[in-house]
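Visitor: could you look at this predicted model? Sequence included:
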Amino acid sequence: MIGGISVTQLLILLVIVMLVFGTKRLRNIGSDLGSAVKGFRKGIEDEPESEETDKLVNQEKTATETEQKKENVTASSPTDPDV
């Protein structure tokens with residue numbers, strides 16, 4: 001008994017599903033679902049690492065560009081109003 005459902009009830013449910021969809025279509029649905037889960041897992045494992053490194057590189061570039069702009073603004077503007 002799994003969560004209040006007995007083995008007999010599961011078998012009856014399986015027979016009804018097989019009658020409604022047919023074995024060929026159930027096989028196709030199962031293989032499609034399996035490949036979708038595999039692709040999802042692969043995507044989860046691959047993307048965060050590459051996205052994190054891209055974000056870090058972009059943040060470093062932005063920080064250095066901001067610092068260079070500040071240096072250029074302070075270097076180009078005179079500090080003494082008499083000059």
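Guide: Here it is on my side, so go on.

Visitor: can you pull out the helices in the chain?
Guide: For the chain, the helices defined by DSSP state H occupy 7-21, 23-76.

Visitor: mean pLDDT for those: which is lowest?
Guide: If those are sorted by mean pLDDT, helix 23-76 sits at the bottom with a mean of 76.

Visitor: got the CA positions of stretch 20-30 in CSV?
Guide: Coordinates of the C-alpha atoms in stretch 20-30 are reproduced here as CSV (Å, rounded to 0.1, in the frame of the first residue of the first chain):
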residue,chain,number,x,y,z
VAL,A,20,-7.5,4.9,-23.2
PHE,A,21,-4.0,5.6,-24.6
GLY,A,22,-2.8,2.3,-26.0
THR,A,23,0.5,0.6,-25.5
LYS,A,24,2.3,2.2,-28.4
ARG,A,25,1.3,5.7,-27.4
LEU,A,26,2.3,5.1,-23.8
ARG,A,27,5.7,3.9,-24.9
ASN,A,28,6.2,7.1,-26.9
ILE,A,29,5.0,9.2,-24.0
GLY,A,30,7.4,7.4,-21.7
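
Visitor: list the contacts of that stretch.
Guide: With contact meaning Cβ atoms under 8 Å, 6 or more residues apart in numbering, stretch 20-30 is reached by V17, M18. Every C-beta, even on glycine, is put in place using the N, C-alpha and C of the backbone.
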